[in-house]
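1. Structure, please.
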Amino acid sequence: MHFSSVYVQTVDLYQYHRYDANTPLEETLEALTKGVHQGKIRYIGFSEWSPAQIQAALNIQNVERFVSSQPQYSMLWQKPEAEIFPLCAATGIGQIVWSPLAQGILTGKYQPSRLPLENSRAASEKMNVFFNNELRSDYVLKAVQQLKPISEGIGLTIAQLALAWVLRDRRVSSAIIGASCPKQIVDNAAASGVQLESNVRAAIDRVLAPVIQAMPV
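-> The predicted model follows:
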């Protein structure tokens, strides 16, 4: 492993993206363990592994243990709660979730039956190839707009509400966010100390439960 191009001697957290079915798992873990023992890596993690893949790694002896999982997780994508979160919590693995704002959908900036805003990810020819178009369906966007009175009722933006919802789960260590300007960073960070009351969480569930059920797996 060579880190000279990033000007660091030790990587604090090396996240293994995605599961490599073409390489024996033992070989992968031995390589990561070697990196830790050489002082090149401090901790190791993985991204978007299945429960079976995680358990297979846990079953291998005499290798470094993963400390972090990086799944997609948001109010619109709650699937990790079923198996990933419980398995990781039982084995000391924290969650560093990605796309907590569902590719910007949970900011409320995308309106039903309207073209995406200029300079948005959905409008970018380079970025929209990675965009989940199901998230831009009118039934999703209409539901997201219904979150606005809920967020405003407790003095938050929709984005802050979405981030506070993700961070409400103690199994989530951190959430990865993107920002196009400094103000967005400040606004998003303000969600970190917000505690959502049970009635607020219930209101969110009432709005989004039909959407989540309708979305394809």
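
2. So which residues of the chain form helices?
-> 25-37, 51-58, 84-90, 138-145, 148-153, 158-167, 182-189, 198-214 (DSSP state H).

3. G108: which of the ones you listed is closest?
-> Closest approach to G108 among those (C-beta to C-beta): helix 158-167, 3.9 Å. C-betas here are computed from N, CA, C, even on glycine.

4. Would you pull up how far that closest one lies from the middle of the chain?
-> Centroid separation for helix 158-167 versus its chain: 12 Å, with C-alpha atoms, centre = their mean, to the nearest Å.

5. report the angle between the axes of it and helix 198-214?
-> 90 degrees (axes from the mean of the first three to the mean of the last three C-alpha atoms, to 10 degrees).

6. Which residues outside helix 158-167 are in contact with it?
-> 73-75, 97, 100-102, 106-108, 144, 147-148, 150-151, 154, 156, 172, 175, 177, 187-188, 190-192, 194-196, 201, 204 (C-beta atoms under 8 Å, 6 or more residues apart in numbering).

7. out of those, which are buried?
-> 73-75, 97, 100-102, 106-108, 144, 147, 150-151, 156, 172, 175, 177, 187-188, 190-191, 194, 196, 204 (16 or more other C-beta atoms under 10 Å).

8. Low-confidence regions, this structure specifically.
-> Across the chain, residues meeting the criterion (pLDDT under 70) sit at 1-6, 114-132.

9. For stretch 12-26, buried residues please.
-> Y14, Y16, Y19, L25.

10. and what of stretch 76-88?
-> Applying 16+ other C-beta under 10 Å to stretch 76-88 flags L76, W77, Q78, P80, I84, F85, L87, C88 as buried.

11. Would you mind putting the CA coordinates of it into PDB?
-> What follows is stretch 76-88, C-alpha atoms only, in PDB (Å, rounded to 0.1, in the frame of the first residue of the first chain):
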ATOM      1  CA  LEU A  76     -36.100   7.000   2.400                       C
ATOM      2  CA  TRP A  77     -33.800   4.000   2.700                       C
ATOM      3  CA  GLN A  78     -34.100   2.200   6.000                       C
ATOM      4  CA  LYS A  79     -33.200  -1.300   5.000                       C
ATOM      5  CA  PRO A  80     -30.000  -1.500   7.100                       C
ATOM      6  CA  GLU A  81     -32.100  -1.400  10.200                       C
ATOM      7  CA  ALA A  82     -33.400  -4.900   9.600                       C
ATOM      8  CA  GLU A  83     -30.100  -6.900   9.700                       C
ATOM      9  CA  ILE A  84     -27.000  -4.800   9.200                       C
ATOM     10  CA  PHE A  85     -27.500  -2.600  12.300                       C
ATOM     11  CA  PRO A  86     -28.200  -5.400  14.800                       C
ATOM     12  CA  LEU A  87     -25.400  -7.600  13.600                       C
ATOM     13  CA  CYS A  88     -22.900  -4.700  13.700                       C
END
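
12. Can you give the distance from it to the centre of its chain?
-> 11 Å.

13. With stretch 187-203 instead?
-> On C-alpha atoms, centre = their mean, the centre of stretch 187-203 falls 17 Å from the chain's centre.

14. what's it in contact with?
-> 150, 153-154, 156-157, 159-161, 163-165, 167-168, 177, 179, 204.

15. Just the endpoints, please. Distance across it?
-> Distance across stretch 187-203, first residue to last, is 23 Å (C-alpha to C-alpha, to the nearest Å).
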